[in-house]
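1. heads up, no residue letters with this:
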């Protein structure tokens, strides 16, 4: 066995270690298991591959790309198994890291060409392989802070599949181009100014790709901010409607209070005449007026109260019977925007589901209560027509292609507060159970 080739192949394969770490950095909050467990699982797969690939390359002269490229596909399935990510986000991160990792390889080939001008990529030297490994580790260190502090925000909150798929296509172009641009013979790099042009081109391409990722992040942040502004605007509109309702309530009850003394005189007069029937009729009419003017107060938070009132009116207009019991912690231990976003998506989805069922069968049960003093349990059950679309990533929207954004947002909010969400259905009912840590 050629130990020179074996060592070179082993060092090349070890690049999977910083590459795998780079895949987990922007999605660390989406990991199914602890970092230690994930690291052990990845090591159990990657390390044996490194030694096996090195041996196959040294003994049978199998090209490293012929070994590495199929393993990349296998490694992606392992990545998916360890993450709570849908396919678009997982694929975007994975292919993006693969594209970035091709640049240390290209610079390593250039370094090898300077050491061994008469050689080629098939005889990649251990020195160049070590150079590639060091560059990959430096790249990991350089992206550690922006990936964990900034890009993770886009990964956790941006749930639009088309946006993520567009980055997959872009990263794939750079990845494929760099694989095809591997210098088979280093002599071509020493023709004229080809060597310096190769370095300039690769450095420029890497700068362009990183710049695109930065622009993508800035665009993602803008989308999230616009979405937050839109949600806040909708909440303010709901609160404004609630305020007008309260003003009308105050006006009507003031009139009722003003007329109350006349009712007392009338009841007293009817009592003197022993006209019990008229007394009962007047009291019944008075109770009806009070019921019509009553306003349900779901909770003490103004924004949430406006939200519940808004969707309750929509449900009532759609002929949906509502059975709601809302008990929230006082004071709220969640961001007002987060909790209103969660309930807003829950209410909107449930009411939309009810509207697919026959009008006589529409109902929506919602319970929110604090249990054990540490968790808020939210249980939603609504009728629907029984039609669902499911994929490997869970429920998909019946309104458009792709995953249901509302359900994804609910799951993201639950994870943010250390809780969980579970979605299921029967032939006639749709269930959503959410737990949030207080």
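-> Alright, I've got the coordinates. What you see is a predicted model; the values in this text were computed from it and never measured. Numbering: from 1, shown residues only.
2. For the rest of this, base every contact and every neighbour count on C-alpha atoms.
-> Fine.
3. Now do residue 395, the pLDDT please.
-> At residue 395, the predicted lDDT confidence score is 72.
4. Check for me that it belongs to a helix.
-> No: under DSSP: H, G, I helix; E, B strand; the rest coil, residue 395 falls outside any helix and is assigned strand.
5. In the sheet, which residues pair with it? Tell me.
-> As for beta bridges, residue 395 partners with residue 390 under DSSP bridges.
6. and it, how many neighbours?
-> Burial measure for residue 395: 18 neighbouring residues, criterion other Cα atoms under 10 Å.
7. how far away is it from residue 411?
-> Residue 395 sits 12 Å away from residue 411 when distances are taken as Cα to Cα, to the nearest Å.
8. Which residue is the nearest non-sequential neighbour of residue 339?
-> Leaving aside its sequence neighbours, residue 339 sits nearest to residue 413 (Cα to Cα, 6 or more residues apart in numbering; 7.8 Å).
9. burial count for the one you found?
-> By the other Cα under 10 Å criterion, the neighbourhood of residue 413 contains 24 residues.
10. cool, residue 48 as well?
-> Counted with other Cα under 10 Å, the neighbours of residue 48 add up to 11.
11. Check residue 124 too.
-> Taking other Cα under 10 Å as the criterion, the count of residues near residue 124 is 21.
12. got it, and residue 80?
-> Counted by other Cα under 10 Å, the residues lying close to residue 80 total 17.
13. repeat for residue 306
-> 24.
14. Going by neighbour count, list what's buried in the strand or helix carrying residue 167.
-> Secondary structure here is read from DSSP states H and E; on that basis residue 167 sits in helix 161-180. Neighbour-count burial for helix 161-180 flags 161, 164, 165, 167, 168, 170, 171, 172, 174, 175, 178, 179 (criterion: 16 or more other Cα atoms under 10 Å).
15. how much space between the third one and residue 88?
-> What that stands for is residue 165. As for residue 165, its distance to residue 88 is 6 Å (criterion: Cα to Cα).
16. what residue of the protein is the furthest out?
-> In the chain, counting by Cα atoms, centre = their mean, residue 273 sits farthest out from the average C-alpha position, at 71.3 Å.
17. From residue 321, how far out is that residue?
-> When Cα to Cα is applied, the distance between residue 273 and residue 321 equals 43 Å.
18. go on, residue 170?
-> Separation of residue 170 from residue 321 (Cα to Cα) stands at 49 Å.
19. now swap in residue 429 and tell me
-> The spacing between residue 429 and residue 321, counted by Cα to Cα, is 14 Å.
20. re the thing from before, mind putting the buried residues of helix 161-180 into CSV with distance to residue 51 and pLDDT?
-> Putting the buried residues of helix 161-180 into CSV (distance: Cα to Cα, whole Å; pLDDT from 0 to 100) gives the following:
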residue, distance to residue 51, pLDDT
161, 37, 84
164, 34, 92
165, 34, 92
167, 33, 92
168, 30, 94
170, 32, 93
171, 29, 95
172, 28, 95
174, 28, 95
175, 25, 95
178, 25, 93
179, 23, 92
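21. Same list (those) but as JSON lines, adding distance to residue 104.
-> Below are these laid out as JSON lines (distance: Cα to Cα, whole Å):
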{"residue": "161", "distance to residue 104": "29"}
{"residue": "164", "distance to residue 104": "24"}
{"residue": "165", "distance to residue 104": "25"}
{"residue": "167", "distance to residue 104": "21"}
{"residue": "168", "distance to residue 104": "20"}
{"residue": "170", "distance to residue 104": "19"}
{"residue": "171", "distance to residue 104": "15"}
{"residue": "172", "distance to residue 104": "16"}
{"residue": "174", "distance to residue 104": "13"}
{"residue": "175", "distance to residue 104": "12"}
{"residue": "178", "distance to residue 104": "11"}
{"residue": "179", "distance to residue 104": "12"}
